[in-house]
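Student: Predicted model and sequence follow; I will ask about them next.
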Amino acid sequence: MQKTRKAILNILRESGQATIDQLSAALELTPVTIRHHVEILRNEELIEEPMPIRRQTRGRPQHVYKLTAQAARHYPDSYLKFADITLLEIREQVGAETVDAIMRGVARRMVADLPAAPPDEMVSERLDRAVAFLNQKGYAARWELTPQGHVLHTANCPYQGLAQKNCCEPCVMDLALMTELLGVTPQRIDWIVSGGQMCSYRIPTSDTTD
């Protein structure tokens, strides 16, 4: 992120809120320059709509600016560390086999509220439903029909940092999730953790026409 905009976010994070004049004084930049950067951050949905405040002296109305919840992604937090330590502790307490069973249970819970698939659903329709669900979860998913059959791709791993630290427990969950969504256990043919550009799964089916 551009240096000035990052500094603005840091000030708002530390202080909770600030006016253009306060940001201008803190960064030793003109109010015009600060407004320019603030507008960019608002367009990126990192700063909320300004709230008017009452001035003690005459002059232009003052407004305060605050961060949006979305802005939190620009700051390190303890969630990844907590999840990392938790998985390590669970693995030591109960063993890898039980951890894998837990991950498969997590996958079942993730899809528990989805409607049941129609009994006559075609593979392409099933994949469309799977892709829609996965994209809601941030997987950047798509599927294609190849000479080898239907292949489901996920270009983004929402748990990539955790997977790289934890011997791929999240990857066990991912494979179980694909199985729950597709009704069959797919074959993983590419893997982000092992250096692939994406995670790819071949769907076992003899019918590649739908």
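Tutor: Thanks, I have it. Just so it is clear, the structure is predicted and the values come from calculations on it, not from any experiment. Numbering: from 1, shown residues only.

Student: Look at the residue lying closest to Pro204 once chain neighbours are set aside and say how many residues are nearby.
Tutor: Distance criterion Cβ to Cβ, 6 or more residues apart in numbering; nearest residue to Pro204, sequence neighbours excluded, is Val184 at 5.6 Å. Every C-beta, even on glycine, is put in place using the N, C-alpha and C of the backbone. When neighbours are counted by other Cβ atoms under 10 Å, Val184 registers 13.

Student: Pull up the gap between Val184 and Gly105, please.
Tutor: Counting by Cβ to Cβ, to the nearest Å, the separation of Val184 from Gly105 is 19 Å.

Student: How about the secondary structure of the residue nearest to Pro204?
Tutor: coil (DSSP: H, G, I helix; E, B strand; the rest coil).

Student: Isn't it up against Ile203?
Tutor: Yes: if you go by Cβ atoms under 8 Å, Val184 and Ile203 touch, sitting 6.6 Å apart.

Student: What separation is there between Arg129 and Asp190?
Tutor: When Cβ to Cβ is applied, the distance between Arg129 and Asp190 equals 22 Å.

Student: for the chain, what helix or strand is lowest in average pLDDT?
Tutor: When the helices and strands of the chain are compared on mean pLDDT, DSSP states H and E, helix 160-165 comes out lowest with a mean of 63.

Student: Which segments of this protein make up each domain?
Tutor: 3-74, 79-202 (automatic domain parsing).

Student: Report the rounded mean pLDDT for the first one.
Tutor: In this case it means domain 3-74. Averaged over domain 3-74, pLDDT sits at 87.

Student: I'd assumed Leu152 was in a helix, is it?
Tutor: No: under three-state DSSP, Leu152 sits outside any helix and is assigned strand.

Student: Next secondary structure element downstream of the helix or strand that contains Ile189?
Tutor: According to DSSP states H and E, Ile189 maps onto strand 187-190. Downstream of strand 187-190, the first helix or strand assigned by DSSP H and E is strand 199-202.

Student: what packs against that following strand?
Tutor: Applying 3 or more Cβ pairs under 8 Å, 6 or more residues apart in numbering; DSSP states H and E, we find strand 199-202 packed against strand 149-154, helix 169-182, strand 187-190.
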